[in-house]
Every structure is written in C-alpha cells, then in structure tokens.
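Trainee: Pasting a predicted model and its sequence here:
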Amino acid sequence: MKKAACLTLCLVAPSASPAQESVAFVTPSGNIQCVMSAGEYRSVTCELRSLTPSYTDRPADCDLDYGASFRIGEEALSGEVLCAGDTIFGAPNSQILPYGYSLTHVGVTCQSEMTGLTCKNAGGHGFFVSKARQQLF
C-alpha cells in the first residue's frame, strides 16, 4: 500500500491553504524540483537538474532550454515538455517528498519513488521523470 503525505499539504507546506497557495517540493536525491501552482492555470511543473534527455527535438520557436522541465495541468490531456529560460530550483519553502509518498494538490498527484517521480491528473494524464528517462502520457 502506498503511503499518503497528509492528504494535501501538511507534509510539504503546513501553513498553505489548498485553494490559494502553491507548494514546492524536491525528491530525496535533490535531482527533481517541483512546484504545484494554484494560480489561474492549476498545474504542476517539475524540473530535472541532471538527466539523459528523452526529448531532444527542440521546437523551432524555442530559443531556451528544452527537455528538462515538464508540466501537467489539472485538466490537461497530456503532460508537456517545456521551453524554459529560468529554473524552479531553490523555490521558497521547498520540502522533501520522501520515496514511497505522494502529494495531491491543484488536481494533480505526484508519487515519489526511488525509480523516479510520476505526476498525473484525475484523468490519468501526466508525466514520469527520472535522471535516466522521461515520458509523457
């Protein structure tokens, strides 16, 4: 049975209000940082510090970094690879999401495992990321 990390926020941000706040966490290895944003576009964005990229075909309109940042929205039909020029590493109040635990916020659940991190919305769409591989679904 999978362990749950305090239904919404008590593991990551004990003082956050689920309807208004964003939550930041990092995996125990320190290689994956995520921000669960509660703004207008409710989504989870995760970035890998070190990886062997699975997505290397940079879109023609992307002049920034590509292949290390991923996002899934609450109602999205697939995860997406982002073209990003800044980093979310060092997000304020980041806490560690231990292996074997999950966190649900903004309609997305992220499950931390030793093999990587899976984030998906209620429709089952999202992404898996690890240093070795990344996958959208």
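Mentor: Everything's here; your move.
Trainee: Name the helix or strand for the residue nearest to residue 45 when sequence neighbours are not counted, please.
Mentor: Spatially, and ignoring its direct neighbours in sequence, residue 45 is nearest to residue 71 (4.6 Å; Cβ to Cβ, 6 or more residues apart in numbering). (Each C-beta comes from the backbone N, C-alpha and C, glycine too.) Assigned by DSSP states H and E, residue 71 belongs to strand 65-73.
Trainee: Which of the three states applies to the residue positioned nearest the centre of the chain?
Mentor: Central residue of the chain (Cα atoms, centre = their mean): residue 46, 3.5 Å from the mean position. Here residue 46 is recorded as strand under DSSP: H, G, I helix; E, B strand; the rest coil.
Trainee: Residue 98 and residue 28 touch, don't they?
Mentor: Yes. The pair residue 98 and residue 28 passes the contact test of Cβ atoms under 8 Å, sitting 6.1 Å apart.
Trainee: quick one: common contacting residues for these two?
Mentor: residue 112 (Cβ atoms under 8 Å, 6 or more residues apart in numbering).
Trainee: what about the residue lying farthest from the centre of the chain, distance to residue 136?
Mentor: The centre of the chain is farthest from one residue, residue 60, which by Cα atoms, centre = their mean lies 24.9 Å away. As defined by Cβ to Cβ, to the nearest Å, residue 60 lies at a distance of 19 Å from residue 136.
Trainee: which residues does residue 29 contact?
Mentor: Counting by Cβ under 8 Å, 6+ apart, residue 29 has contacts residue 131.
Trainee: Next: residue 53.
Mentor: 67-68, 134 are the contacts of residue 53 under Cβ under 8 Å, 6+ apart.
Trainee: quick one: secondary structure of it?
Mentor: Strictly by three-state DSSP, residue 53 counts as coil.
Trainee: Got phi/psi on it?
Mentor: Main-chain torsions, residue 53, degrees, to the nearest 10: phi -70, psi 130.
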